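Colleague: With the sequence up front, the predicted model follows.
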Amino acid sequence: VNQPKVLLLDEPLGALDLKLRENMQEELKSLQKALGITFIFVTHDQGEALSMADRVAVFNDGKIMQIGTPEDIYQRPRTRFVADFVGSSNVLPPDFVQRYSGQHRWGSLRPESIRIGRAAKGDGVAARLVSTNYLGATTRLALDADGLRLHAIVPAGAKLPREGEAVVLTFNREHLHLMDEPG
């Protein structure tokens, strides 16, 4: 096909190793800009979708759940499905959200927005460190806040509490996103 208006790419990078996949993402973005045509890029890799797209459509059971910029989809998911599906998010029940926002709605709080402190220091959400998962540049923490499983991401090398230790979680309330779903 010469000079198409739209190019459909269905999982074009699915079989590639991580390094080659990252290089090909850059190449495809450059190619799309140079050609000036629309690419419809199908992928089940949410990170790939966020890094490649100008606009993202999230589907569930054949229905569009949300369309927006990568930042909108990631930072302002409209539903629990989108929050949980795109990246890693703490999907928070309405009773929890109401304590911090005054509204009885479902909420989303990204793990990178949570700060960990010693239990004796300050106000916040009381929790216990369940486990850590070293990821290279970051460490993912699993936390239990009165039966609610939360995750936080901290820079690798950060001083961590011991597993089982009581901690206090804090976050900027502006980072607590209220979803459209009723509570």
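Modeller: Yep, it's here. Being a predicted model, the structure only gives us computed values, none of them experimental.

Colleague: Run through the helices of the chain in chain order.
Modeller: Listed in chain order, the helices of the chain (DSSP state H) span 18-35, 46-52, 70-75, 80-85, 94-101.

Colleague: worst average pLDDT in the ones you listed?
Modeller: Of all the helices of the chain, the minimum mean pLDDT falls on helix 46-52 (a mean of 88).

Colleague: buried residues in the longest strand along the chain?
Modeller: Scanning the chain for the strand with the most residues, using DSSP state E, yields strand 125-134. In terms of neighbour count (16 or more other C-beta atoms under 10 Å), strand 125-134 has its buried residues at 125, 127-129, 132. (Each C-beta comes from the backbone N, C-alpha and C, glycine too.)

Colleague: And for residue 114, nearest residue in space, chain neighbours not counted?
Modeller: Excluding the flanking residues, the one nearest residue 114 by C-beta to C-beta, 6 or more residues apart in numbering is residue 152, at 3.9 Å.

Colleague: who's in contact with the spatially most central residue of the chain?
Modeller: Nearest residue to the geometric centre of the chain (C-alpha atoms, centre = their mean): residue 87, 2.9 Å. Contact analysis of residue 87 by C-beta atoms under 8 Å, 6 or more residues apart in numbering lists 46-47, 50, 74, 110.
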